[in-house]
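1. Using only what follows, build the 3D model:
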Amino acid sequence: MNKYKAIPDGYMTVGEVAKKMDITVRTLQHYDKEGLLSPSAMSEGGRRLYTDKDIVKLHQILSLKHLGFSLGDIKNRLIPLDTPAEIAAILAKQAASVKQKIDFLSESLRELEVLREEVLQMQSVDFKKYADIIVNLKMKNDYYWLIKHFDDQTLDHIRSHFDKDSGKAFISRFIQLQDEAIRLQNASVPADSDEGQKFAKAYWNMITDFTGGDMSMLPKLIELGQFQNTDLIWKEKQDIANRYVEQVLGVYFSRLGIDPFQEETK
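-> Numbering: from 1, shown residues only. Modelled structure (predicted):
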């Protein structure tokens with residue numbers, strides 16, 4: 001009982017303040033330690049004592065913390081400010097920071113939802129592929145979904161030969177050549193024409209750059225337009241492109257006197 005009589009009128013203990021403001025005693029102790037909100041007095045027994053004025057200041061701290069400000073921001077950047085313009089500038093900066101976090105979380109949510117769909121379609125647990133899909137989502141690669149169709153050999157090859165920049169460059173080059181193949185096919189450009197063979201050379205150079213001379217990778221590239229359960233628009237485009245690619249490469253290899261597919265099977 002003596003302990004409670006030692007609390008003067010108009011003062012509250014740390015426990016009473018914590019209960020009143022719906023926070024923990026440890027939080028108040030931390031604010032005191034950080035020099036953000038020290039008690040107005042100490043009891044004879046060494047207990048922290050707070051006043052209504054402290055409660056008002058605590059309310060301000062909690063409100064600013066709710067807006068995402070750190071304790072350091074509140075103590076060192078906000079409280080020392082003197083003019084509305086200065087405070088408004090800090091609030092605007094904080095708003096920009098919050099928006100950036102929202103954008104990041106929104107993108108993370110999109111990636112989670114996409115990855116979930118990919119996992120269900122894969123019908124297997126493969127965290128290496130999950131990681132590759134996430135990386136490609138972060139790269140804004142619209143063809144991230146192709147990853148689930150590749151085998152481990154192909155993915156290991158891609159991981160060892162391409163980084164973020166070179167990977168994006170290759171995808172861009174591949175899509176550009178596929179679109180060009182569709183244009184040439186629709187325009188009925190002969191496979192043995194100069195234009196057709198110029199394209200064949202560019203396409204074959206792309207393939208050799210990808211394989212690094214490993215001809216065992218060839219079938220994997222040929223299968224790009226033949227995967228099951230792929231996007232119908234993608235598959236339709238690949239069917240058109242592949243028809244033309246097969247024609248021009250047939251002429252190209254014949255003129256060179258080579259058959260890389262036969263060499264690969266040896």
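2. so Q121 touches K148, yeah?
-> Yes - if you go by Cβ atoms under 8 Å, Q121 and K148 touch, sitting 6.4 Å apart. Where C-beta positions appear, they are placed from N, C-alpha and C, glycine not excepted.
3. So if I had to pick from these two, which one is more boxed in?
-> A direct count of neighbours by other Cβ atoms under 10 Å for Q121 and K148 places K148 higher, at 20 against 12.
4. Span of stretch 146-163 from start to end?
-> 17 Å (Cα to Cα, to the nearest Å).
5. make that stretch 64-72, sorry
-> First residue to last in stretch 64-72 (Cα to Cα) measures 11 Å.
6. And it, how far out from the chain middle?
-> With Cα atoms, centre = their mean, to the nearest Å as the basis, stretch 64-72 stands 26 Å off its chain's centre.
7. Tell me which residues are up against it.
-> The list of residues contacting stretch 64-72 from outside it, by Cβ atoms under 8 Å, 6 or more residues apart in numbering, reads 31, 34, 36, 61, 73-74, 78, 91, 94, 97-98, 101.
8. Equivalent analysis for stretch 106-120, please.
-> Stretch 106-120 is contacted from outside by 130, 133-134, 137-138, 144-145, 147-148, using Cβ under 8 Å, 6+ apart.
9. What about those residues, which are in helices?
-> If you go by DSSP state H, the contacts of stretch 106-120 have 130, 133-134, 137-138 in helices.
10. any idea which of the residues you listed is closest to S40?
-> Checking those against S40 by Cβ to Cβ gives K138 as the nearest, at 51.0 Å.
11. so who does that closest one touch?
-> K138 is in contact with E111, counting by Cβ under 8 Å, 6+ apart.
12. how much space is there between it and D52?
-> Remark: distance between K138 and D52 (Cβ to Cβ, to the nearest Å) = 51 Å.
13. Narrow the contacts of stretch 106-120 to just the buried residues.
-> The neighbour count (16 or more other Cβ atoms under 10 Å) marks 130, 133-134, 137, 144-145, 147-148 as buried among the contacts of stretch 106-120.
14. Based on its surroundings, how many neighbours for D156?
-> Neighbourhood size, D156 [other Cβ under 10 Å]: 12.
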